[in-house]
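A.B. asks: pasting the sequence and the predicted coordinates here, then a few questions.
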Amino acid sequence: MLTATPPPSGNTYYVSPDGNDANPGTLVLPWRSIQKAASILVAGDTVLIKSGTYSETVRPANSGTANAYITYKAYPGHKPVVTSADWVTFRVDRNYIEVNGLTLTSSHYSGVGLNPKAAHHIRLLNNTVYGNGESGIGTSEGSDYLLIEGNVVYGNCLTSPYQGSGISLWKQKAYDQAPGFHSIVRRNLIYGNRNGVGEHTDGNGVIVDLSLDSPAVLVENNVIFGNGGQCVDVNESNNVTIRNNTCYWNYADPLIHRILGEITAVKSANVRVFNNLIYTRNKVPPTFSWGSYGLFFDYNLTYGGPAGEQGPHDVLGNPLFVNPSLDPSLADFHLRPGSPAIDAGTAIDAPGVDFSGDPRPQGPGYDIGAYEYGVRGGRGGLGTVEVEWGSDNVSGGYTTGYEVLSLPSDLLGY
């Protein structure tokens, strides 16, 4: 299972654009490249990376352990950018690794920003992943126990003929048979990812793909809007729970291969979809299933489009967002007073916090969607958060006011 770990007990190293890889990697004499750190770090070690642009491919040489992850993290208050001309900017094919607070992009036509490959126990936290030709965060065959949380993933998938999505979990494979959720996609801001060449089949916000033998996957409390394909796509995958996400005007690609629904289950089993707020474009069903069994669709709020998979407790109607928009600098998907999503969700298996880390419920019932009404305060906007790994199985230490990044003008309103 995904379990908490104590603070790292190993060495702390430093990387800076002013450093030198011949240095010892101290704060006073830092290394120049992240890959230098990646070649040296062992279980329990941390590298803190200062602001600057690092043109390199990073691939850790060693694994951590269950009680001593290896951590690659932005130096406090800094925003390092890692870019690569290779297929993958940051490949993780070792285990017990955390990547935290980096900006990852690629100039390769089919690049992937973050790529766990046949790895287990990986934490991808607070990263900004954009401008990658294929998927922003794309896992390769055989990965398990992934925590993907607090990331901003936008503007990916535009140049690869292999398509891709914002966050793609492909061919998940069980590391063990422990009960509970093995992989979690939680509290991410995902927008403007769409296919730009070839057959436009994907460009989804999140896809769980070809994982029929996968252990349980959880997709919760994400804000997903303006992507070319679906909000959340479950394709030939089993044991997926999708709850308390806010989906707004996805299927934004006019060349998309086919229209199914904002949240779909195709040739899948044991898929649970509840407490989601789904605001669709015209002619786009909010939910859809085909060739699937063991499904649960209920307690969702849907608005726009034809009817899809429905449950007896679904709510139909305008959710009354504060300011719905495809422009992330303007968008605010918090609920206004009188929203039919307020107190309309189910408490059964509902998450204990919302997208911003505020506690649920705030009223007599749980709200539908990623934001709980009544805790917006003066925050406004999308209210993204910074996540720190906490002392229990739920990360904590939420900090509001994360920078919201804009899309190029040609991706707005298409």
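C.D. replies: Here it is on my side, so go on.
A.B. asks: what does stretch 198-206 contact?
C.D. replies: Residues outside stretch 198-206 that contact it (Cβ atoms under 8 Å, 6 or more residues apart in numbering): 157, 160-169, 185, 190-191, 193-195, 219, 222, 224-225, 227-233, 247, 250, 253, 255-257. All C-beta atoms are positioned from the backbone trio N, CA, C, and that covers glycine.
A.B. asks: endpoints of that stretch, how far apart?
C.D. replies: Taking Cα to Cα, to the nearest Å, the first and last residues of stretch 198-206 lie 20 Å apart.
A.B. asks: just the pLDDT for residue 391.
C.D. replies: On pLDDT, residue 391 comes in at 31.
A.B. asks: count of neighbours near residue 201?
C.D. replies: 17 (other Cβ atoms under 10 Å).
A.B. asks: please apply the same query to residue 306.
C.D. replies: Neighbour number of residue 306 under other Cβ under 10 Å is 12.
A.B. asks: for residue 216, same thing?
C.D. replies: 19.
A.B. asks: how about residue 37?
C.D. replies: 25.
A.B. asks: my guess is it is in a helix, correct?
C.D. replies: Yes: remark: residue 37 belongs to a helix, assigned using DSSP: H, G, I helix; E, B strand; the rest coil.
A.B. asks: dump stretch 87-101 to CSV, restricted to CA.
C.D. replies: Extracted in CSV, the C-alpha atoms of stretch 87-101 (Å, rounded to 0.1, in the frame of the first residue of the first chain):
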residue,chain,number,x,y,z
TRP,A,87,12.2,11.4,-25.7
VAL,A,88,11.9,11.7,-21.9
THR,A,89,12.9,14.6,-19.7
PHE,A,90,12.8,12.8,-16.3
ARG,A,91,12.7,9.0,-16.5
VAL,A,92,12.1,7.1,-13.3
ASP,A,93,12.9,3.4,-13.7
ARG,A,94,14.1,3.0,-10.2
ASN,A,95,11.8,2.6,-7.1
TYR,A,96,11.0,4.7,-4.0
ILE,A,97,11.6,8.0,-5.8
GLU,A,98,10.0,11.5,-5.2
VAL,A,99,10.1,14.3,-7.7
ASN,A,100,8.8,17.5,-6.2
GLY,A,101,8.4,21.1,-7.4
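A.B. asks: ok so, going back, pull out the buried members of the contacts of stretch 198-206.
C.D. replies: The neighbour count (16 or more other Cβ atoms under 10 Å) marks 157, 160, 162-169, 185, 190-191, 193-195, 219, 222, 224-225, 227-233, 247, 250, 253, 256 as buried among the contacts of stretch 198-206.
A.B. asks: among those residues, which are in strands?
C.D. replies: When those are checked against strands (DSSP state E), the matches are 167-169, 185, 190-191, 219, 224-225, 232-233, 247.
A.B. asks: any chance of those residues in a markdown table, with pLDDT and distance to residue 66 too?
C.D. replies: As requested, those are arranged in a markdown table below (pLDDT from 0 to 100; distance: Cβ to Cβ, whole Å):
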| residue | pLDDT | distance to residue 66 |
| --- | --- | --- |
| 167 | 97 | 25 |
| 168 | 96 | 26 |
| 169 | 95 | 22 |
| 185 | 98 | 22 |
| 190 | 98 | 29 |
| 191 | 98 | 34 |
| 219 | 98 | 25 |
| 224 | 98 | 31 |
| 225 | 98 | 36 |
| 232 | 98 | 30 |
| 233 | 97 | 32 |
| 247 | 98 | 35 |
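A.B. asks: quick check, nearest of those residues to residue 111?
C.D. replies: When those are compared for distance to residue 111 (Cβ to Cβ), residue 168 wins out at 13.3 Å.
A.B. asks: quick check: bridge partners of that closest one?
C.D. replies: With DSSP bridges as the criterion, residue 168 is bridged to residue 138, residue 207.
A.B. asks: and it, how far from residue 68?
C.D. replies: Going from residue 168 to residue 68 by Cβ to Cβ, to the nearest Å gives 29 Å.
A.B. asks: which intervals of the protein have sub-threshold pLDDT?
C.D. replies: 1-8, 375-380, 384-385, 389-414 (pLDDT under 70).
A.B. asks: most centrally placed residue in it?
C.D. replies: Centroid-nearest residue in the chain: residue 188, 4.3 Å away (criterion: Cα atoms, centre = their mean).
A.B. asks: the strands in the stretch 301-414 of the chain, which residues?
C.D. replies: 301-303, 315-316, 321-323, 332-335, 385-388, 396-400 (DSSP state E, counting those that start in this stretch).
A.B. asks: just put these in JSON lines and tack on distance to residue 356.
C.D. replies: Shown next, in JSON lines, are these (distance: least, Cβ to Cβ, whole Å):
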{"stretch": "strand 301-303", "distance to residue 356": "19"}
{"stretch": "strand 315-316", "distance to residue 356": "22"}
{"stretch": "strand 321-323", "distance to residue 356": "13"}
{"stretch": "strand 332-335", "distance to residue 356": "9"}
{"stretch": "strand 385-388", "distance to residue 356": "5"}
{"stretch": "strand 396-400", "distance to residue 356": "6"}
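A.B. asks: can I get the ones you listed in CSV including mean neighbour count and distance to residue 131?
C.D. replies: Formatted as CSV, the strands of the stretch 301-414 of the chain follow (neighbours: other Cβ atoms under 10 Å; distance: least, Cβ to Cβ, whole Å):
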stretch, mean neighbour count, distance to residue 131
strand 301-303, 24, 31
strand 315-316, 15, 37
strand 321-323, 17, 26
strand 332-335, 23, 24
strand 385-388, 19, 22
strand 396-400, 14, 25
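A.B. asks: quick one: which of the ones you listed is nearest residue 91?
C.D. replies: The nearest among those, by Cβ to Cβ, is strand 385-388 at 22.3 Å.
A.B. asks: residue 95 is nearest to which of the strands of the stretch 301-414 of the chain?
C.D. replies: strand 385-388 (20.6 Å).
A.B. asks: that closest one pairs with which strands, parallel or anti?
C.D. replies: strand 396-400 (antiparallel).
A.B. asks: from what I can see residue 34 touches residue 15, true?
C.D. replies: Yes: applying Cβ atoms under 8 Å, one finds residue 34 in contact with residue 15, separated by 5.5 Å.
A.B. asks: for these two, indicate the residue with more neighbours.
C.D. replies: Neighbour count, other Cβ under 10 Å: between residue 34 and residue 15, residue 15 has more, with 26 against 22.
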